[in-house]
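**Q** model this:
(one chain, ligands or ions: 1)
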Amino acid sequence: MCGIVGYIGQKDGTEIILEGLEKLEYRGYDSAGLAVIDKNRLRYSKHEGKLSNLKESIREEPISGTLGIGHTRWATHGVPSNENSHPHMNGEENIAVVHNGIIENYLILKKELIDRGYTFKSDTDTEIVVHLIDFYYEGDLLGAVTKAVDRLKGAYSLGIISRLHPDELIAVRYESPLILGIGHGELFVASDIPAILNRTRKVVYLENNDVAKLSRDSYLIYNGNRLVEREIKEIEWDIEAASKDGYDHFMLKEIHQQPQAIKDTLLRRIDNNGSIFLENINITAEELKKINRVYIVACGTAYHAGLLGKYMLEQFVRVVVIADIASEFRYNDNFIDEGTLVIIVSQSGETADTLAALREAKSKGARILSITNVVGSSVARESQDIFYTWAGPEIAVASTKAYTTQLVAFYILSLYFGRLKGNLEENLYHEIVNELKELPDKVKKTIYSVDLIAMEIAEKIKDKSSLFYIGRGLDYYTSLEAALKLKEISYIHAEAFGGGELKHGSIALIEEDTPVIAIATQQNLYDKTVSNIKSVKSRGAYVIGITRERNTDLGTICDKVVYLDESFNIFMPLLSVILPQLIAYYTALIKGNDVDKPRNLAKSVTVE
Ligand code: HGA
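**A** Numbers count the residues shown, from 1 in each chain. You can find the predicted model right below:
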């Protein structure tokens, strides 16, 4: 995610801001920049790439000032480039803005501003903010900011300075974290605690709709034009704990970030009428009708998301879909022509096998749509259509929030294409979209409700040499992902079986006390799964069931049952994968493994 650091005091802001940005590097970023007020001049430097590029440029051409804002960017709108880096300035370059988040209504506001004569230098959503402030500015910076943010929809934390107000730093928070750091004769703004922990341990957490005006030795916080008091808190964490938001590992932090990541990926694409809006998908209804075959190509976890995607697209778009592993697909004799759509799924957008598969398919005339988490990545650059999962950077090697947001991407795409093709009856479409909007809250509830059970299960399985996940339909796909998670970080041999396939050989592996986790959320297949559970149980397996609230009878069949909230069958994979994620996490933890950096694995696999 992007990082914000701001400073107002007596010292050199450039040095303090660069130091703060360095502490935020762990979050992942693609460019960095800062702006300072230097003797009533606004000076800035911003560069694509590592922070070292920004530092090098400042070393060559020093800028300094006792008031400034800095930013590390993780692009969501516009590729990583010098122009798209923050800060963004108004035309006269007397106001500078840094922003974390996404401005949902930026296209409407951009058009309005262009009509008023404003020109844009970047492709970002952020740039509209500085022009809006400029538009409302009548000598009062705080007043102009307040009017500008009233127009914004989405999520934003903002740092704002102006050379016309050399004693003022404005900070705004809405749905994107921002804190104030309280020093002696100096104040800080930051999106994350580690950025300022070397300087102060006294912080104020801004709340939604807070607009703070900082001067060198005091600050005022307004909310809805009313002056408000916010408690000053003392931070007791060290820098490492602070980078993980107090969680012991990035993986656990990322599991807990899932509700927000899903919300970000989902809600900004659905308007109040339930219509889906996809800014980088250009396929028209005409073109969609001509698509006769879809390949979904990915590796590892992304492939498991792709299996759900296959189901969703077949169901709602009524088109033939083949899901394949990228390393196999690229060497197969596939049926690709101009009527083929290839959907590429890659968190990093740099996965070597997936990228090679993309190029192979493109050279044969396929249209390429990619689902990726990294704006401007190779996969994104080489695709005609792009769906960005807005999960933010994923640091732990074992994927969690990237996976669940990839599932969300497939939900949205299949509903969008299904409607575009005229296959989805309007009432049903709206019913599904309404339920989709409930999912961030249901995922959140699930994370808290299964946490303790996951610890107990981890204790039970920690010394086992093998564990099996079973499921049918979509539950089978979740089982594949669940088994992969356990293998990756606990190093326990784990396999997933389609429940109906057990009797064709694999059931021979079941013996006394073999752990089997049965996922039984697909109500149309429930009775079948129950039969499969009974058959492993009768061979001595220790069975843990994961099912919906209504299936209370499972309690009499399994050794332990975990109940999940109710939702549509298609959405249950988003809830049922949470417990396996946490089981993998706690098992790895108990075994003393390096949870975030498991042996033999790399985050982004850029070799064949
Ligand atoms: N939308 C802005 C900021 C992105 C962000 O906050 N990422 O974490 C941009 O694309 O520049």
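**Q** the ligand contacts on the chain?
**A** Residues of the chain lying close to the ligand by Cβ under 6 Å from any ligand atom are 1-2, 73-78, 99-102, 124-126, 392. All C-beta atoms are positioned from the backbone trio N, CA, C, and that covers glycine.
**Q** what's the burial count for whichever residue of the stretch 101-250 of the chain sits closest to the ligand?
**A** The ligand sits closest to Thr124 of the stretch 101-250 of the chain, with a gap of 4.3 Å, by Cβ to the nearest ligand atom. Residue neighbour count, defined by other Cβ atoms under 10 Å, stands at 25 for Thr124.
**Q** checking it next. Helix, strand or coil?
**A** coil (DSSP: H, G, I helix; E, B strand; the rest coil).
**Q** residue contacts, Lys233?
**A** Taking Cβ atoms under 8 Å, 6 or more residues apart in numbering as the criterion, Lys233 is in contact with Lys202, Val203, Val204, Tyr205.
**Q** who does the second one form a beta bridge with?
**A** Same thing as Val203. Gly181, Lys233 (DSSP bridges).
**Q** pretty sure Lys364 sits against Gly339.
**A** No. Lys364 is beyond contact range of Gly339, at 11.5 Å (criterion: Cβ atoms under 8 Å).
**Q** residue contacts, the residue of the stretch 101-250 of the chain closest to the ligand?
**A** Neighbour list for Thr124: His77, Gly78, Asn84, His86, His88 [criterion: Cβ under 8 Å, 6+ apart].
**Q** which of these count as buried?
**A** The neighbour count (16 or more other Cβ atoms under 10 Å) marks His77, Gly78, Asn84, His86, His88 as buried among these.
**Q** per-residue pLDDT, Cys607?
**A** Check again: residue 607 is Val, not Cys. For Val607, the pLDDT comes out at 68.
**Q** how about JSON lines for the contacts of Lys233, with pLDDT, neighbour count and distance to Val374 added?
**A** Converted to JSON lines, the contacts of Lys233 look like this (pLDDT from 0 to 100; neighbours: other Cβ atoms under 10 Å; distance: Cβ to Cβ, whole Å):
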{"residue": "Lys202", "pLDDT": "95", "neighbour count": "15", "distance to Val374": "36"}
{"residue": "Val203", "pLDDT": "95", "neighbour count": "21", "distance to Val374": "30"}
{"residue": "Val204", "pLDDT": "96", "neighbour count": "21", "distance to Val374": "33"}
{"residue": "Tyr205", "pLDDT": "93", "neighbour count": "15", "distance to Val374": "29"}
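**Q** so what's the gap between the host helix or strand of Asp527 and the chain middle?
**A** Applying DSSP states H and E as the criterion places Asp527 in helix 526-537. Average the C-alpha atoms of helix 526-537, do the same for its chain, and the two points are 36 Å apart (Cα atoms, centre = their mean, to the nearest Å).
**Q** mind listing what's buried along that helix?
**A** Across helix 526-537, burial judged by 16+ other Cβ under 10 Å covers Tyr526, Thr529, Val530, Asn532, Ile533, Ser535, Val536, Lys537.
**Q** same question, stretch 308-318
**A** Residues of stretch 308-318 classed as buried: Leu308, Gly309, Lys310, Tyr311, Met312, Leu313, Phe316, Val317 (neighbour count, 16+ other Cβ under 10 Å).
**Q** for it, the distance to its chain's centre please.
**A** Stretch 308-318 sits 23 Å away from the centroid of its parent chain (Cα atoms, centre = their mean).
**Q** stretch 231-246 too?
**A** Taking mean C-alpha positions (Cα atoms, centre = their mean), stretch 231-246 and its chain are 22 Å apart.
**Q** surely Thr146 meets Tyr222?
**A** Yes. Judged on Cβ under 8 Å, Thr146 makes contact with Tyr222 at a distance of 7.3 Å.
**Q** can you map out the strands along the stretch 51-200 of the chain?
**A** Applying DSSP state E, counting those that start in this stretch to the stretch 51-200 of the chain gives strands spanning 67-73, 88-89, 95-103, 154-162, 169-174, 179-182, 187-190.
**Q** columns distance to Leu358 on top of those, output as TSV?
**A** Output for these, formatted as TSV (distance: least, Cβ to Cβ, whole Å):
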stretch	distance to Leu358
strand 67-73	25
strand 88-89	32
strand 95-103	26
strand 154-162	30
strand 169-174	37
strand 179-182	41
strand 187-190	38
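**Q** same list, those, but as a markdown table with mean pLDDT please.
**A** As requested, these are exported to a markdown table (pLDDT from 0 to 100):
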| stretch | mean pLDDT |
| --- | --- |
| strand 67-73 | 97 |
| strand 88-89 | 98 |
| strand 95-103 | 96 |
| strand 154-162 | 96 |
| strand 169-174 | 97 |
| strand 179-182 | 97 |
| strand 187-190 | 98 |
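**Q** and among the ones you listed, the most buried is which?
**A** Mean neighbours per residue, mean count of other Cβ atoms under 10 Å, is largest over the strands of the stretch 51-200 of the chain for strand 67-73, with a mean of 30.
**Q** parallel or antiparallel, which strands does it pair with?
**A** Assessed with DSSP bridges, strand 67-73 is paired to strand 3-8 (antiparallel), strand 31-38 (antiparallel).
**Q** which of those is buried the deepest?
**A** With neighbours defined as mean count of other Cβ under 10 Å, the strands paired with strand 67-73 peak in mean count at strand 3-8, which reaches a mean of 30.
**Q** I am finished for the moment; much appreciated.
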